[in-house]
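> model this:
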Amino acid sequence: MTKEIEKTGLIHVYTGNGKGKTTAALGLALRAAGHNMRICVIMFLKGRSKYGEKNIASQINNIEIYAYGEDDLIIGNPASKDFEEAEEAFNHARHAIASKKYDIVILDELTHAINLGLIQLKHVMELINEKPIELELIITGRNSPSELLNVADYITEFNEKKHPYRKGIKARKGIEY
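Got it, this is the predicted structure:
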């Protein structure tokens, strides 16, 4: 493998209705941190406090995690605060990508923010087109727009076959968040 190809950052999209998209992205982050790569994770629509991965990241030198959004799920139309949080997260993503400080940037639940109308797809496509060539970019979330799939180098679709939520078991600390 030539050094040029080795330094080319690719685009990953983890999508689908199954559990594990964020977990897969964070697994990649953990692997990369083990190779002294620098990782920035920006979580859209995830609230600021309840996610265990955000708590542990402070103990791993090379991984920074930032969570944006309200603690409650958006049901129905998003509120003005949801738009503000999404815009703040997207601006953070722009700065993180442009800074060239990171080897990997993970935009967790970005597709959900797009689908809710909180972030415009055209702005995401502009961001992708402007990313430094060496930056690895991971985007997660359900119902990825086809435009994202068309530019992705990796597409992994998570399909739910069975989930305890369907039996009334609520999200569990340490497992789902």
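
> Only C-alpha atoms from now on, for both contacts and neighbour counts.
Fine.

> R38: what's it in contact with?
A32, N62, I63, K101, Y102, D103, I104 (C-alpha atoms under 8 Å, 6 or more residues apart in numbering).

> mind running it again at 7 Å?
Shown in contact with R38 (C-alpha atoms under 7 Å, 6 or more residues apart in numbering): N62, I63, Y102, D103, I104.

> Pull the number of nearby residues for the first one.
Residue neighbour count, defined by other C-alpha atoms under 10 Å, stands at 20 for N62.

> Which residue is the nearest non-sequential neighbour of it?
The shortest distance from N62 to any residue other than its chain neighbours is 4.8 Å, reached at R38 (C-alpha to C-alpha, 6 or more residues apart in numbering).

> and what of T111?
Going by C-alpha to C-alpha, 6+ apart, T111 has G141 as its nearest residue, at 4.8 Å.

> E109 too?
In space, E109 is closest to G141, 4.4 Å off (C-alpha to C-alpha, 6+ apart).

> Show me what the residue at minimal distance from the centre of the chain is bridged to.
Compute the mean C-alpha point of the chain, and by C-alpha atoms, centre = their mean the closest residue is D108, 1.6 Å away. D108 has these beta-bridge partners by DSSP bridges: M43.

> can you tell me how far it sits from G52?
Note on D108: its distance to G52, by C-alpha to C-alpha, to the nearest Å, is 15 Å.
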